[in-house]
Structure formats: structure tokens, C-alpha cells
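S.K.: need a structure here:
(2 chains)
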Amino acid sequence: MKKTLSILIVCALMVLTACSGNNGNANNSSNNTGGNNSAGGTTEPADPYAPMSETVTISIGKEAAVDPKLPSGSTIEDNELTRYFADKLNVKYTNEWEATGDSYMQKVGLTLSTGDIPDVMVVDKQQLVQLVNADLIEDLTSTYENFVSPALKAAYDSTDGYSLASSTFDGKLMAFPNVSPGADAQNMLWIRQDWLDELQLEAPQTMDDIINVTKTFMDKKGSVGLLGNQVIVNIGTSVFGFDSIFSAYNAYPQLWTEDASGNAVYGSIQPEVKDALAKIRGWVQEGVIDKEFAVKKNEQVNELVVSGKAGIFFGPWWLPFGMLADSVAQDSKAEWVSYLSPLSQEGKMNTHMASPTTRYLVVKKGFKHPEAVLKTLNMQFDADQLQGEGIVEKDGYNWMNMPFSLLLSNYDDKEKKAKLVQDVIDGKANADTLQGEAKQIYNSYLKDKENPKKDLAAWSQRHAFLTGALPLIQDDKINRKVGIYYDQTDTMRTKWANLRKLEDETFLKIIMGNEPVESFDSFVDKWKSQGGDQITKEIAEAAK
Amino acid sequence: MPLTGKRGIRTTDIILTLVMLLITLLCLLPLINVVSLSFSGKSAAASGAVTLFPVDFTFYSYEYMFKDSRFFDAFGVSVKRVLLGGAINFVLTIMMAYPLARERQEFRGRDIYMWVIVFTMMFTGGLIPWYMVVKSLHLTDTIWALVLPTAVPIFNVILLMNFFRGLPKEINESAKMDGAGPWRTLITIAVPLAMPAIATVTLFSIVSHWNAFFDGLILMNKQHNIPLQTYIQQLVVAPSITSSTRPEDLINFSQRTFNAAKIVVTMLPILIIYPFLQRYFVHGITLGSVKE
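M.R.: Predicted coordinates for the structure are as follows:
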């Protein structure tokens, strides 16, 4: 028996050494390819849309859409959009692999560990840092300077340089970042206007107004209270979150900001948060906020909205595309309207802003024609602005069916388009000036005006933009708090998960009344001593 | 006295029946709910109005699904996988279990093989080595990547081996005396006798092939090569709110009816196969589990 065991151990060792040997090879080969990184772009004319003189093949690690809406005959690799780009730019796009959603990130991780990366893929910040440190990706600085289109440059500039800065290492641009619309992170108050009118109530402005309206809804309409869900606060997408309540009291949990003297501080440990927590705790006790909110999943809260049991909550502009359309389908009297509310004492709606950039498109070191990649992105931006108009015929339009799955939009994209359409409706502009998505919105508006709430797709688009996004154009009524830092520092990688858990648990316990409001102070001390201070220092350093 | 005794039995019977009924309901109700969701209107489903019966009865979800070419690609891959993988499992399990069921004198290295086999049951190489092996053998994106790594299901081999060991030795000896070689003994005597156990392990391997989604996720590079369960997994796993910044993902929350329809269609084949193999099932497992 001993003999067999020792044989097994030898076998196991052989397997292990074989693996490590392979790793070494992978590293070597990547170093080799690193040697011949001549920027082939300099000989091409600097036209951001010019086709390549020779056919360039780009292999892609592709994030596919879950529901690409492609008829038979079109695939993720070969559809009307990819064919259009291939024709215009003389580029052949091949997908080395395809995956969707979370499994895409898993696959990127696998690819990184094997060292065998495709020419182009989209990664997150942590993976980007890894790639930069391993020297596996191409410096894109000169490519960007020479080949970016004016429209795409304007989009990057719309984030005040944040996007490009976060992809820049030692003065070199190492990736093309994404730009997601800033509107997504700005929650508003959604309310059943038909109930307000019926009960002859004014639109609520302050937090107290909101609570009063909620109480009236509960008494007169038999609705549940102000909705919430498991996620109390989330910078980014926060349907039903309490973000708005915190910011009404000048508290910005989870956001890294600067204090009055310019030091980096963490939003969740500021004294204002304590006040806001105390308020929310009071409302939970009163029952204005449903006590069960902490155990409810989004889907269950959605049900309350759709079935007409809820009439007031916080959420982003695009909700008419989802559950609000279902709500109208169930009850055509439902009239959802969004307000910039609650207002703070200064009379403005406070809101945190999310990082416009979370994804990075990287080009493998040694890839000869990085400008072909940027030209594709130039065209992708334009095609997305037009929503595929003039390109797709049979295929449904989905931006993820383009060669690269990198979301590129103007930071103020949604509210700007809404304003363009509203100007036409108000007679200030001519309908001919509208293009692409704006034109679609206008058509939806006309359709919905003719037959209100009959065509729900039209209703959704009209409502999301002209009701949801339009209020966001009023810059003088919104105080947007931008974070100074959205990434992860080194210490965060090891300690953040625990700190975050401590924070979530403390907040929840205080809100639910399991612990006194004063426990917030001991939370702050614990947070600082368990790594928070160290992280704050790192962020102050990184944000400079 | 006997009367009370009888009554006692009756009450326990009733309680047991009730408990079993309850458990059956617990298993059955979610299925019924999914089936009725799949036949319900979209907004009715989103409002949580659907419980045991469809609301706003419609075939729309099924029509929509049958228009999606990816669903059929994935279905085809899964069918191919089950047929091919099931056949490979079937042959290899029998051919592995039979020799291992021989006496030590007949098969000298038997224990070494046994150890090696059991070792792989306890320890795995891990995700990345596994991926790299499959990749460097150029199996990714082929049907072989789904069937070859699981070609020998060890648990099934051990089950079947124990069953073979339980067969009377005399049968073997008499076959030998009549001049039958090992192949002939295996094919004409051992296999027919072991039918209950073989049916059981075949069912195991069919179900596990049909249900596997993870290897499809990792080893298939093109979306048209993924098996059905991987396809369903991508649709049904709702993106968590914190990881997703794209509204499109969250809007899909209201696609419950489509997802329900897909789940129903996926369940069907196994539901159909099960009754035919079930009669062997209990029989096979218990017979094989008794050691000599």
C-alpha cells in the first residue's frame, strides 16, 4: 500500500511541475511579443474614419448580450453591425471567445491566468492594473492623440477628464475607458400622480413632505409605505435605495469625498450619516417605511409597484422601461411622474454621482494596428448615437452586437436628448433636427400622444426620457456630488470586504432599531482602526 | 387491546400520509408555479398575481422562445452531448467496472488501479489546470470538451463494480468451463445480469450530462456552442444589483414568463425519461451497495 501511495505522490508532483513549467513558458512568450511593439499607426493618414489599407484581423474577448435579439442568419460574431464595421474599416473581427455577464469576467480572469490574451478585450480596473504591471498591453497614448474622432473625444471630455485619467498610468494611456451616462446614478422621487391629484396633494418637496404624502397614501389608498430593498445605498444603480434620504441631509455614504479643508474623507463615517440614520430609524418605527424592506428582493418590491400597492419610492430615470410599464399594463390609470425631490435646506436636490468609467478596453502588447481598434470605437460611438439607424434592418439594434462591448456615451447623454425632444415639442426647434435616439423618442411621443398607453414600448421610451430624464437637465436645481476616487487601493483589496460588512450591518441594525443610534460612533472608531485610516491615506495619495 | 393497536396504526398511517403529501406538495408546487408562469401574461407575472393557475393565459412566451435560434442551437448541443456522452460513459463504465470486480489473483494490479481511481474522486487539479489541459488539447469549442473530461464517472464505476462483485462466482466459473473468454462472459452474462445497475448508472450519467452547465460556461468560446443548461443559466441568473450598472440587465427582471417557459422546456426530456428507468432505480442502487 505504501508503494502505491508513493507512486501517487510522484504522479501528483509531476502534474504540479508540469503546470508551473507551462506558466513560465507563457510569461516568456509574452515577453517576446513585447519586444516588437512598433507603433504602426504613424504611417497612416490621421483620419479617424479612414479604412485600413490592408485587412487587419482583430481577435476579441467578447462580452455577448444575454438577449442579442438576432434572427437566424446573424450571430454574435457576424451580424449586420459587425459586417458594417468590417466593410467600412477593412477590418476582420473574430471572437476568440464569447461569454455573457458575470461569466465574462470569470473568463477574463481565466485568460489572464493562462497568459493567452486576445488582441482586444474589456476588463475591470483591477484586471487593468494587473495587465499594466505584467506589461501585457499596448501603450495607446499616440493612437488616441492621432486617431480619436471629435465626437468620441467630446464624450471622453464630458467626464472632466476622469475617464482618461483613470486609464492613464505614468502618463501613458493604457486603455480606452467606457463612459456610462451620469443619469443612471441620480435617483429621483417617483410618485403616482393620479393618486396625488385624486387626494388633492401638492407634489412633495422636502423629506417631511414625502413622509406626509406617504402617510396619506397609506391611509387613503391602502398602499404600503415608502419602498426600500436589501441594498440600502448603492452608488451606481440603486432602485428603491435610500440614497436620496441620506443626501437630503448632506450625507453621502460610500462616496469618497473631500472635506472643507480638502482632505479625503469617507462618506459613510461622517456625522451627517448619523442624523440621517436616526431619521430613517424613526420612520421605520412609525411604519412609514416597511419594516420588512431589509429582507425583500428587488423582484418582490417590483411586485408591489406593479400590483398597485405602492405609490411612492426613489429610483433612476429609466424605470418606465421596466416595471413601470408593467404597472401601466396592469392599471391604465397609473400615472407615474418623477420629481427632483427631496430638496435639501439649500433648495436643491443633492445626489451622489457614480464613476462614469468602470470598464476598460485593452489592446494586447505587440498588436500592430491599435488605430484600427480606435477607429472602430469612433464608429461605434456614432452608430450608438444613431441607435443603429441606417445600419441594421433585420436585426434588432443592441449596442453589444457591435464588435467591442464597450459602452460609450456622453456623460449627460440622456437628459440632453430629452431636452432636444422637449424643445421640438415646445415648438422651439424643428423636428428635422432630431437624429437617432432623439428622433425615436419623438416618434414614441407622437405615438403615445395619439393612443395614450396603448403601445407600451412607445410609452416606455417617451416616459423614461421626457418624464424620467428631462428633470435632470435643470443643473441649477441639482447639487451633484462627485467622488474623488472610485477604484480600489491596495489595502482595500484585503480589508474592504470586512469594512463594508461592518458598515452594512451597523447601518441595518441602527435602522431596524436593534442598536441605539449612538452605536454609530463606535462603528466609526472600529472602521478607522480596522484599516479605514490606512485606506483613507492611500486614497488621499491616489486622488492627488 | 388489538382494537386500540389497530387504531394506533391507523393514526400513524394518517399522519405519515399527511406528511408525505406535504412533502410531495413542497416538491410539486414550485413546478406548477413555473408552468403557470410560463403561460401567463408578462405584467401579470410581474405583479405577482400568478400562483397555481395562469393569469391572462397566453402562448406568447413559447412563441417568443421558438423564434430564438440560440435556444435551438443550445438544445441541439445538449442532445448531442447526452447521446455521445451517455454512450461513452456507458461503455467505459462497464469496461472499467468489470475487471475491477475480479479477484486479486485474477487481476494483479487491481488495488493500484483502485487507489488511482479513488484518488481522483477526492482531489481535483483545480479550475485553471483543468481549463489549460482542455485548451492545449484543442478541445475547446468542440463537443468533445463536454464529454471527454467526464468520460469515466468514478462513482458509477464503483457502484457497478460492487454489483458485478455481488454476482455469483459460479456463473463465471461455469462460463469459463464452457469455453467462454472474458469478453464473451462480460457481454452475454455479466451485462444482462447487471441490467438494473447499468440502467441506474446510465440514468445518472444522462441526468448529469443534461444538467451540467459549468463546463459549457468555461470551455465553450462561441455562444452557439453552449449547451442548453448554460444558456438557461445565463438567462435565469439575475444580475445582482451591485455588480450591474446597465439598466438593460435590470429590465430583464420582468422577463419572468420567458424564463419560466425555458425552464419548462428544459425539464421535459428528463421528465419523460425518468418513468421508464425509474423501476430499475431503487432496485439497482441497493443491490449494488451490498459488498461481498
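S.K.: which regions of the stretch 101-250 of chain B sit below the pLDDT cut-off?
M.R.: Where the stretch 101-250 of chain B drops to pLDDT under 70, the residues are B:236-250.
S.K.: tell me which residues form a beta bridge with residue A:313?
M.R.: The partner list for residue A:313 in beta bridges (DSSP bridges) reads residue A:190.
S.K.: what sits against it?
M.R.: Residue A:313 makes contacts with A:189-190, A:226-228, A:240, A:305, as judged by C-beta atoms under 8 Å, 6 or more residues apart in numbering or on different chains. For the C-beta atoms, the positions are set from N, CA and C on the backbone; glycine is no exception.
S.K.: one more time with 10 Å
M.R.: By C-beta atoms under 10 Å, 6 or more residues apart in numbering or on different chains, the contact list for residue A:313 reads A:187, A:189-191, A:214, A:224-229, A:239-241, A:244, A:301, A:304-305, A:319.
S.K.: List the ones among those residues that fall in strands.
M.R.: Among the contacts of residue A:313, the ones falling in strands (DSSP state E) are A:189-191.
S.K.: Highest neighbour count among those?
M.R.: The residue in these with the most neighbours, by other C-beta atoms under 10 Å in any protein chain shown, is residue A:190 (28 neighbours).
S.K.: Relative to residue A:230, how far out is that one?
M.R.: Here the criterion is C-beta to C-beta, to the nearest Å. By it, residue A:190 lies 19 Å from residue A:230.
S.K.: Nearest residue to the middle of chain B?
M.R.: residue B:207 (1.9 Å; C-alpha atoms, centre = their mean).
S.K.: For it, which non-adjacent residue is spatially closest?
M.R.: Of all residues not flanking residue B:207 in the chain, residue B:270 sits nearest, at 6.2 Å (C-beta to C-beta, 6 or more residues apart in numbering or on different chains).
S.K.: Now the one you found: which helix or strand?
M.R.: Applying DSSP states H and E as the criterion places residue B:270 in helix B:256-289.
S.K.: Domain parsing of chain A, as residue ranges.
M.R.: Per automatic domain parsing, the structural domains of chain A span A:37-180+A:357-401, A:186-353+A:497-542, A:413-480.
S.K.: a markdown table please, covering those and showing distance to residue B:66.
M.R.: Output for those, formatted as a markdown table (distance: least, C-beta to C-beta, whole Å):
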| stretch | distance to residue B:66 |
| --- | --- |
| domain A:37-180+A:357-401 | 11 |
| domain A:186-353+A:497-542 | 23 |
| domain A:413-480 | 21 |
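S.K.: Reformat those as a markdown table; add mean pLDDT.
M.R.: A markdown table is the format used below for these (pLDDT from 0 to 100):
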| stretch | mean pLDDT |
| --- | --- |
| domain A:37-180+A:357-401 | 88 |
| domain A:186-353+A:497-542 | 90 |
| domain A:413-480 | 90 |
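S.K.: Which strands border the one helix or strand residue A:122 maps to, and is each parallel or antiparallel?
M.R.: Counting by DSSP H and E, the element that carries residue A:122 is strand A:120-123. Paired neighbours of strand A:120-123 in the sheet (DSSP bridges): strand A:56-64 (parallel), strand A:360-363 (antiparallel).
S.K.: any idea which of these is most buried?
M.R.: Greatest average neighbour count among those goes to strand A:360-363 (a mean of 26), per mean count of other C-beta atoms under 10 Å in any protein chain shown.
S.K.: quick one: the helix or strand following that strand to strand A:56-64, angle?
M.R.: The helix or strand immediately downstream of strand A:360-363 is helix A:370-385, counting by DSSP H and E. Orientation of helix A:370-385 against strand A:56-64 (axes from the mean of the first three to the mean of the last three C-alpha atoms, to 10 degrees) gives an angle of 50 degrees.
S.K.: Are helix A:370-385 and chain B in contact anywhere?
M.R.: No - judged by C-beta under 10 Å from any C-beta of the partner chain, helix A:370-385 stays clear of chain B, getting no closer than 13.0 Å.
S.K.: Mind listing what's buried along the helix or strand that that helix is followed by?
M.R.: For helix A:370-385, the following helix or strand on the C-terminal side (DSSP H and E) is helix A:413-425. Under the neighbour-count criterion of 16 or more other C-beta atoms under 10 Å in any protein chain shown, helix A:413-425 has A:413-422, A:424 buried.
S.K.: starting at the chain centroid, how far to helix A:413-425?
M.R.: The chain centre lies 22 Å from the centre of helix A:413-425; the measure is C-alpha atoms, centre = their mean, to the nearest Å.
S.K.: ok, now stretch B:82-95?
M.R.: For stretch B:82-95 - counting by C-alpha atoms, centre = their mean - the centre lies 13 Å from the chain centre.
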